[in-house]
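Chemist: Okay, here's the prediction I keep looking at, along with the sequence it came from:
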Amino acid sequence: MKKKNTTALQEAVAACKANLGVTILFSFFINLLMFVAPLHMLQIYDRVLVSRSEVTLIVLTVLALGLLAIYGILEGVRSRILVRTGLKFDEILNDRLFRAVFRGSVRNPAMGTGQALRDMDMVREFISGGAIIALCDAPWVPIFIFAGFLLHPVLGLISLGGAIIIFALALANELLTRKLLAKGGAVSIQATNTATASLRNSEVVHAMGMISAIKDRWTRSHGNTLTHQSRASDRAGGIMAASRFVRMALQVAILGTGAFLAIENEISPGVMIAASIIMGRALAPVELAVGQWKNFSSSRSAYQRLSAMFEAIPDTAAPMELPAPKGHISVQTVTVVPPGGRVPVVKGLTLDLTPGTSVGLVGPSGSGKSSLARALVGVWPVVAGSIRYDGAELAQWDPEVLGPHLGYMPQDVELFDGTVAENIARFQDFDPGDVVTAAQKAGVHNMILELPDGYDTSIGAGGQALSGGQRQRVALARALYGEPRILILDEPNANLDTDGEQALSAALQQAKADGCTVVVISHRPSLLAGVDKIAVLKDGVLVKYGPRDRIMNELSAPTPVKALATADGTRS
């Protein structure tokens, strides 16, 4: 039978097992030293008070203090080991998790993989916290109960009964809250995603008076979360109260029973006190488990979500590094289906672009132009056919290696929180001269110099400090950064004024002259006038493709504007 491949999550957990093994070893000695206090108390009551020997008292006390000091050191070391185990787990997993989250977001934006980052934090905190200590101490519960039986069978039975009752309460806590916490967690994720999406579109929400409607939608999800969580918390709170009552009642019961047995001369007063301490230590891990049960449940759900995500988005081995592409793009009978969709938006399309060639994609809305652009840069996978750069399929290219040679500007421009220079340089270590060169090619250098801090101007999340046209021109400079061999632009002049369009046209002509392969989606004749070929798409099918002038003539329009109106279905 073929062995199942391990996921990144399983590898991270396996790497932490050695540390957890050391933690269990330390727990052995820590719990062994827990007998110091009851044994010291037993000796004080039964030996020192009877013999009235001050020397015995001093020796026993010094010995007990020394052992307790060792206990304290071991507790501190165990805690530090767990903290570092959590950090090791994070260090091993974070890079692969971050990449998996992005791969999942590209494949299916509605998948909500961003929750995985919070799930990793939850699992790390579980590994570093008291829940693991409770698990490590739990095996000692029967040993402490057995010690109670050695002192007196009745005292042992009280400890055993108390442990069973508290364990039953912990089991009831799990059964009564598991489904509620799971439902509450799922609805909470949905509510958070709704709020995040609304914040990304805050301008539209505010301008069109949608705040109340969006708030009501979030409030319903948030209210469902609170309902499930409050019901779970009410049940858990009742169980915790019952557990504390049982804990205190057992303490009274064992002291009362011990006193009775001492009166009957079946045990000494020292045994009575020692039995009380031992029972307290026997029940502590069980009681801690009850208190940590919500953490147990939340961490288990987080682990299950992470495991499911890594199984759905497995690691992909980095392909062998290929030579820098020259810009030859071969599209062979490509079919593209949007992530999460079923209906193809690009159907059996074939194109062949040589280095230094520029092609304009035109067609009515929904004809598959942007979908083809996403497939060309590897954002959306093809379900049939192939896209090759210099003869190699996109899957053979490592995105980290191909990316610097590729300039991409999507229809919806996204900039990131940082400076103008950092955005243009794609947040890599950069030479200022290269950033200025890219800005000059995009015709945005002078505009940037007019900003408050020039290239060091912080533009905020999404580039909110810039206008739409400024964001588009900075995004163009980012696409041109590093002299890419392939340039794919989706409606790059949507927000540009006349000066911006002229700068864009000049940048595209310069890129083509430098041997760059250019694919541009646009309906404005001023931009398409400089392309070599035009491809007309309709309903995902390539209906016309050839030299620009011939395609314009075939569209039977007296002017380029009317030709484009025919292709688009609307007049630009």
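Modeler: Yep, that arrived.
Chemist: Flag the shaky bits of the stretch 1-150 of the chain, pLDDT-wise.
Modeler: 1-5, 106-114 (pLDDT under 70).
Chemist: Would you agree Gln251 falls within a helix?
Modeler: Yes: applying DSSP: H, G, I helix; E, B strand; the rest coil, one finds Gln251 inside a helix.
Chemist: which residues touch it?
Modeler: Applying CB atoms under 8 Å, 6 or more residues apart in numbering to Gln251 gives the contacts Ser276, Met279, Gly280. (Glycine included, C-beta is placed from N, CA and C.)
Chemist: export those residues to a markdown table and tack on pLDDT and neighbour count?
Modeler: Output for these, formatted as a markdown table (pLDDT from 0 to 100; neighbours: other CB atoms under 10 Å):
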| residue | pLDDT | neighbour count |
| --- | --- | --- |
| Ser276 | 86 | 23 |
| Met279 | 86 | 30 |
| Gly280 | 83 | 20 |
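Chemist: Save these as a markdown table, and put in distance to Ala262 and secondary structure too.
Modeler: Output for the contacts of Gln251, formatted as a markdown table (distance: CB to CB, whole Å; DSSP: H, G, I helix; E, B strand; the rest coil):
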| residue | distance to Ala262 | secondary structure |
| --- | --- | --- |
| Ser276 | 12 | helix |
| Met279 | 16 | helix |
| Gly280 | 18 | helix |
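Chemist: which one of those residues is nearest Arg300?
Modeler: Of all the contacts of Gln251, Gly280 has the smallest distance to Arg300: 28.4 Å, by CB to CB.
Chemist: Please parse this protein into its domains.
Modeler: As given by automatic domain parsing, the domain ranges for the chain are 8-312, 329-568.
Chemist: for the longest one, how far is the first residue from the last?
Modeler: Taking CA to CA, to the nearest Å, domain 8-312 runs 12 Å from one end to the other.
Chemist: Could you tell me the average pLDDT over stretch 303-315, please?
Modeler: For stretch 303-315, the mean per-residue pLDDT is 80.
Chemist: least reliable of the domains of the chain going by mean pLDDT?
Modeler: Taking the mean pLDDT of these, domain 8-312 comes last: a mean of 80.
Chemist: starting at the chain centroid, how far to that one?
Modeler: Distance of domain 8-312 from the chain centroid (CA atoms, centre = their mean, to the nearest Å) equals 24 Å.
Chemist: Strands along the protein, start to end?
Modeler: 329-336, 346-353, 358-362, 382-389, 392-393, 406-409, 486-490, 517-521, 533-538, 541-547 (DSSP state E).
Chemist: what residues are up against the closest residue to Asp497 other than its chain neighbours?
Modeler: Of all residues not flanking Asp497 in the chain, Gly469 sits nearest, at 6.2 Å (CB to CB, 6 or more residues apart in numbering). For Gly469, the contact set (CB under 8 Å, 6+ apart) comprises Asn495, Leu496, Asp497, Gly500.
Chemist: Kindly provide the distance from the closest residue to Ala284 other than its chain neighbours to Arg281.
Modeler: Closest residue to Ala284 apart from its sequence neighbours, by CB to CB, 6+ apart: Asp137 at 7.3 Å. Asp137 is 9 Å from Arg281, where distance means CB to CB, to the nearest Å.
Chemist: what about the closest residue to Ala477 other than its chain neighbours, how many neighbours?
Modeler: Nearest non-adjacent residue to Ala477, counting by CB to CB, 6+ apart: Ala442, 3.9 Å away. The local packing of Ala442 (other CB atoms under 10 Å) involves 27 other residues.
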